[in-house]
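Q: mind looking at a prediction? Sequence and model below.
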Amino acid sequence: MSDTPLPSTAPSPDAERPDARTDLRGYLADFGARMTRLQERAADSQDRLAAVSATGASSGGEVTVTVGAGGALTDIAFTSEVRRTSPESLSDMVKEAYGKAVTAASAQSTAAVTGLLGEGTPALADFEASLRRRTGGGEEQ
């Protein structure tokens, strides 16, 4: 008996694609079209990532922080209430607001690339892990 596995009888997801062995021109045309679609999806993801912006606020609303993709701080605002706040409390408020903003921005970033990388794929998991490393976890403080 041979150790070679039998070919699957289930239809391949590529069943409608031209076979390079029998239709090289058709195969190359199909491949080119698939690469064009991939480039379009990559450009769309890049545009969506560039547009990521999320805002988080401290529980009392005294501090509001806005971040872009990757947790880059783009704005911070304080109400007049912070004048009566200790430096330690103000620090906690900023970290709380930042954590909320980063969590929201991370979700937007993940949504922006899911169509390109695929839902539940190792590539998407790696992207999410990279976001967590770059943003300090993105957990609410």
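A: Everything's here; your move.
Q: the nearest residue to Val82 once chain neighbours are set aside and Phe127, how far apart?
A: Excluding the flanking residues, the one nearest Val82 by C-beta to C-beta, 6 or more residues apart in numbering is Glu62, at 5.2 Å. (C-beta placed from N, C-alpha, C; glycine too.) From Glu62 across to Phe127, the span is 33 Å (C-beta to C-beta, to the nearest Å).
Q: neighbour count winner among those two?
A: Glu62 (22 against 18; other C-beta atoms under 10 Å).
Q: isn't that one up against Val94?
A: No - between Glu62 and Val94 there is no contact under C-beta atoms under 8 Å: 9.5 Å.
Q: buried sites along the longest helix out of those in the chain?
A: The single longest helix within the chain, with elements called by DSSP state H, is helix 87-117. Residues 90, 92-106, 108-109, 112-114, 116-117 are the ones in helix 87-117 that count as buried (16 or more other C-beta atoms under 10 Å).
Q: can you classify Gly70 as helix, strand or coil?
A: Following DSSP: H, G, I helix; E, B strand; the rest coil, the label given to Gly70 is helix.
Q: once you drop chain neighbours, what's closest to Leu131?
A: Ser106 (5.0 Å).
Q: and the residue nearest the centre of the chain?
A: Thr110 (2.2 Å; C-alpha atoms, centre = their mean).
Q: grab the nearest non-local neighbour of it.
A: Glu128 (5.9 Å).
Q: who's in contact with the helix or strand in which that neighbour is found?
A: Here Glu128 sits within helix 122-135, counting by DSSP states H and E. Around helix 122-135, the neighbours that count as contacts under C-beta atoms under 8 Å, 6 or more residues apart in numbering are 70-71, 102, 105-106, 109-110, 113-114, 117-118, 138.
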